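Visitor: After the sequence you'll find the predicted model.
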Amino acid sequence: MALQMAEERFAKMFNASPNPMAINRFRDGHFISVNDSFEKITGYSRSEIADNTVASLNLIPNPKDFHNMLKALYKKGGITNQEISLQGKTGQQYVVLLSAESIIVNGEKCILSIITDITERKRIEKEMARLDRLNLMGQMAAGIGHEIRNPMTSIRGFLQILMDKEDCINYRKYFNLMIEELDRANSIITEFLSMAKNKPNQLKLLNLNDIINTLQPLIEADARNSNKNVNVQLEDVPDLMLNDKEIRQLILNIVRNGMEAMLPGGNLTIRTFTDSGVAVLEITDQGKGIDTAIIDQIGTPFFTTKEQGTGLGLAICESIAGRHNADISLVSRPDGTTFYVRFKT
């Protein structure tokens, strides 16, 4: 009688828990039971989950996370607050803390798993870190940007004067090279200042689709030059208060990053759609994806994996998004990367 009451209490707690919970057989990993919260976060119904495993549903897409989970279960018999990435039915990514313990169900060894969703907490932490970086960049730009640019302008002028002197004719190619390098440094400073300064933003009521249609011939020309393809899929989206020049820069920066990530013949897709009343820009490439070891550094000023990159392109995009009350997120897999820009109204 006492055992039956304990089992009933456990069943009530299991089903009523706001935390996603699941029970899997230890010997083969098949799901025995899940609660309503587990259905909600994964998007799978109980009937879809039945007779499946974590692996067959690809709930933990990161192989390292999955391996560490199995290793801890077999060696220690349980897990406490292991941070992993969880993937739902539609591909939605969550950051969760996973705890698991061995239990006996109907005489058989099973695993009870409890999930705590910390996605929003992680998003806030990342946003705060981004704002701190941008604030630091703003202080640096205000303090040294013009102080560097002014002497560079003087140096460039003197080089132009010297290269035209008769006794310097033989060194003209070296003068040209120095001027080119000064111009490149100046362009980096310009990008740096455009990202960091809190300039007033001139917004007008515009439609995202109109901006993309205007850019499409330029994007398609870039694609043809590198033997790549562009697919544009535009659904109706609401008009938004936008700065046309800045949104063009944001789109081109992400598109060109995607183009550079792909081999010839690759396809890049630009989509717009509405999600819960929010206008969304989605740009997907067919590159090799972003290494998980550096994915959190994407958007950090001056961080780049490109030999000739400045590491400011995506940082500028984040700054532009911030001035438009928009969020940038990404999902990267071995077969490509998708950037999402969600414009809050």
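Guide: Thanks, I have it.
Visitor: drop to CA atoms for contacts and neighbour counts, all remaining ones
Guide: Will do.
Visitor: From the chain's centroid, how far away is whichever strand or helix holds residue 327?
Guide: Using DSSP states H and E, residue 327 sits within strand 326-333. Distance, stretch centre to chain centre, for strand 326-333: 3 Å (C-alpha atoms, centre = their mean, to the nearest Å).
Visitor: Could I get the average pLDDT for that strand?
Guide: Strand 326-333 shows a mean pLDDT of 87.
Visitor: ditto for stretch 166-184
Guide: On average, stretch 166-184 scores 84.
Visitor: ok so, going back, after the strand holding residue 327 comes which helix or strand?
Guide: Heading C-terminal from strand 326-333 (DSSP H and E), you reach strand 336-343.
Visitor: Residue for residue, what is the longest strand this protein has?
Guide: Longest strand in the chain by number of residues (criterion: DSSP state E): strand 93-105.
Visitor: ok so, going back, and the strand holding residue 327, what does it pack onto?
Guide: Strand 326-333 sits against helix 313-323, strand 336-343, with contacts defined as 3 or more C-alpha pairs under 8 Å, 6 or more residues apart in numbering; DSSP states H and E.
Visitor: 10 Å instead, please
Guide: Packing contacts for strand 326-333, counted by 3 or more C-alpha pairs under 10 Å, 6 or more residues apart in numbering; DSSP states H and E, involve strand 278-284, helix 313-323, strand 336-343.
Visitor: picking up where we left off before, buried by neighbour count: which residues of the longest strand of the chain qualify?
Guide: 93-103 (16 or more other C-alpha atoms under 10 Å).
Visitor: Ok, stretch 105-116 next?
Guide: Quick answer for stretch 105-116 (16+ other C-alpha under 10 Å): 110-116.
Visitor: Redo those residues as a markdown table? Include pLDDT and secondary structure.
Guide: A markdown table is the format used below for the buried residues of stretch 105-116 (pLDDT from 0 to 100; DSSP: H, G, I helix; E, B strand; the rest coil):
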| residue | pLDDT | secondary structure |
| --- | --- | --- |
| 110 | 90 | strand |
| 111 | 89 | strand |
| 112 | 92 | strand |
| 113 | 93 | strand |
| 114 | 94 | strand |
| 115 | 94 | strand |
| 116 | 94 | strand |
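Visitor: ok, of those residues, which one's closest to residue 344?
Guide: residue 116 (26.7 Å; C-alpha to C-alpha).
Visitor: I figured that closest one was touching residue 20, is that so?
Guide: Yes: contact criterion C-alpha atoms under 10 Å: residue 116 and residue 20 qualify, at 7.2 Å.
Visitor: hmm, back to that, mean pLDDT for the helices and strands packed on strand 326-333: which is lowest?
Guide: Among these, helix 313-323 carries the lowest mean pLDDT, at a mean of 80.
Visitor: That one - contacts with which helices or strands?
Guide: Helices and strands touching helix 313-323, by 3+ C-alpha pairs under 10 Å, 6+ apart, are helix 119-163, helix 172-196, helix 244-261, strand 326-333, strand 336-343.
Visitor: Of those, which stretch is the most buried?
Guide: Greatest average neighbour count among the helices and strands packed on helix 313-323 goes to strand 336-343 (a mean of 20), per mean count of other C-alpha atoms under 10 Å.
Visitor: For it, name the packing helices and strands.
Guide: Where contact means 3+ C-alpha pairs under 10 Å, 6+ apart, strand 336-343 is packed against strand 240-242, helix 244-261, strand 267-275, strand 278-284, helix 313-323, strand 326-333.
Visitor: For residue 343, which residues count as its bridge partners?
Guide: Counting by DSSP bridges, residue 343 is bridged to residue 279, residue 326.
Visitor: Then residue 103?
Guide: Listed by DSSP bridges, the beta-bridge partners for residue 103 are residue 110.
Visitor: hang on, isn't it packed against residue 22?
Guide: No: if you go by C-alpha under 10 Å, residue 103 and residue 22 don't touch, sitting 11.7 Å apart.
Visitor: Can you work out which residues contact both of those two?
Guide: 111-112 (C-alpha atoms under 10 Å, 6 or more residues apart in numbering).
Visitor: so who does the residue nearest to residue 340 when sequence neighbours are not counted touch?
Guide: Spatial nearest neighbour of residue 340, chain neighbours left out: residue 282 (4.7 Å); criterion: C-alpha to C-alpha, 6 or more residues apart in numbering. The contact partners of residue 282, by C-alpha under 10 Å, 6+ apart, come to 233, 251, 254, 269-273, 328-330, 338-342.
Visitor: for residue 68, same thing?
Guide: Contacts for residue 68 were tallied using C-alpha under 10 Å, 6+ apart; they are 79, 82, 84.
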